[in-house]
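>>> here is a sequence together with a model predicted from it:
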Amino acid sequence: MTKYYPIMLNIEEKKCTVVGGGRVAERKVKSLLEHGAVVTVMSPTLTDALQEMVRQGQLLHHQKHYETGDLRGSYLVYVATDDLQVSQACHEEASRENILMNVVDVPRLCDFTVPAIVRRGPLTVAIASDGKSPMLSRKIREELEKRFGQHYEDVLELLGEMRVQALNEINEIEDRKQLFQQLIYEHDVENLGKKGKEILWREAWQFYEAFKKQLKGCDKNENNKNRIKSQSAGPSSSRNHY
Ligand SMILES: C[C@@]1(CC(=O)O)c2cc3[nH]c(cc4nc(cc5[nH]c(cc(n2)[C@H]1CCC(=O)O)[C@@](C)(CC(=O)O)[C@@H]5CCC(=O)O)C(CC(=O)O)=C4CCC(=O)O)c(CCC(=O)O)c3CC(=O)O
Ligand SMILES: NC(=O)C1=CN([C@@H]2O[C@H](COP(=O)(O)OP(=O)(O)OC[C@H]3O[C@@H](n4cnc5c(N)ncnc54)[C@H](O)[C@@H]3O)[C@@H](O)[C@H]2O)C=CC1
């Protein structure tokens, strides 16, 4: 059984081609556009939604059946036609040209599969079953959507900002690890996020300042002046929003 390798791919500005214009193709196209790809759809017919996207200039449409050579220059390809001969021909061309390929109804012809995802700002939780049960992936995604509420977007924004500031202000990696371990495991920053952005920001940064103060206290005792960097690095600009 193939054990798929999970990675996060940047497809911004990349040429991605979808062969087929049905319901499944539509789902894949939407997802490609959401991630900044330049999308071409090759299909004699299109769903209403795809037609509307063509009208709005969101994608290119070649109204034709697939022919060998049509995938040239593509970075990534979806084949969603329900026609095994077409899938096989596309697969041959993609393999020859080293193009990443997914055939939506033939897992054995897929270089990659698409997971169900929960997205909360920069947090992505992906669920895949190596093709065994997409429906179960979907159900687990619905459960995780409840578990990881919208406030995770704020929590991640805060942690990202604090991490940049800590990299500027706190010298030792062990101290930075302590900071985030305490904030995440003991101070339960995830739950703090439920109280709203304002409270989250105030309390988390108070915690940060107290942590730094305590490091300075240690400096005196241990005669070690290197744990806190000079303040000249300056606080992050968005820190004072609240
Ligand atoms: C291998 C893979 C290839 C790929 O597409 O990358 C694949 C293959 C196939 N799916 C089929 C059917 C269904 N797919 C869904 C839904 C999703 N399918 C997705 C991914 C994947 N589907 C990849 C593996 C993912 C994994 O490892 O788990 C999701 C997660 C992501 C997405 O597509 O965005 C998305 C849920 C998103 C969400 O809701 O969060 C539903 C449910 C529904 O429609 O609601 C059904 C009907 C019920 C069922 O069959 O389970 C069939 C036809 C079977 C047949 O003919 O009976 C095949 C072909 C086959 O298996 O042979
Ligand atoms: N991977 C997934 O998530 C899922 C996959 N499937 C499977 O995906 C396949 C496609 O499903 P639907 O989109 O519902 O089918 P559909 O019948 O709605 O669409 C097929 C599309 O392919 C086009 N087409 C046919 N021959 C072509 C060719 N030679 N070149 C270019 N385009 C061509 C048609 O004009 C049509 O637009 C089915 O086999 C289905 O079982 C179904 C559900 C989910």
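Everything's here; your move. Bear in mind the structure is a predicted one, so any value in this text is a computation, not a measurement. Numbering: from 1, shown residues only. Ligands and ions are numbered 1, 2, ... in the order given.
>>> and stretch 62-81, does that touch ligand 2?
Yes. Counting by C-beta under 6 Å from any ligand atom, ligand 2 is contacted by stretch 62-81 at 65-66, 80-81. The C-beta positions use only the backbone N, C-alpha and C, and glycine is treated the same way.
>>> what about that stretch, average pLDDT?
Taken as a whole, stretch 62-81 has a mean pLDDT of 98.
>>> for that stretch, buried residues please.
Residues 66, 70-71, 74, 76-81 are the ones in stretch 62-81 that count as buried (16 or more other C-beta atoms under 10 Å).
>>> of these, just say which sits nearest to Arg96.
Closest approach to Arg96 among the buried residues of stretch 62-81 (C-beta to C-beta): Leu71, at 9.5 Å.
>>> what's the burial count for the closest residue to the closest one other than its chain neighbours?
When the adjacent residues along the chain are set aside, Leu71 lies closest to Glu93, with 5.1 Å between them (C-beta to C-beta, 6 or more residues apart in numbering). Residues lying near Glu93 (other C-beta atoms under 10 Å) number 20.
>>> and Glu93, what does it touch?
68-71, 99 (C-beta atoms under 8 Å, 6 or more residues apart in numbering).
>>> do you know how far it is from Val39?
18 Å (C-beta to C-beta, to the nearest Å).
>>> sorry, back to before: which one of the contacts of Glu93 is nearest to Arg55?
The shortest gap between Arg55 and any of these belongs to Asp70, at 22.6 Å (C-beta to C-beta).
>>> can you report how many residues neighbour the nearest residue to that closest one once chain neighbours are set aside?
Once flanking residues are discounted, Asp70 sits nearest to Met42: 5.9 Å by C-beta to C-beta, 6+ apart. For Met42, the neighbour count with other C-beta under 10 Å is 24.
>>> one more: Phe211?
19.
>>> surely it touches Gln181?
No. Counting by C-beta atoms under 8 Å, no contact exists between Phe211 and Gln181, whose distance comes to 10.8 Å.
>>> wait, the residue nearest to Asp70 sits on His62?
Yes. Contact criterion C-beta under 8 Å: Met42 and His62 qualify, at 4.6 Å.
>>> quick check: the residue nearest to Leu71 is in a helix.
Yes. Assigned with DSSP: H, G, I helix; E, B strand; the rest coil, Glu93 falls within a helix.
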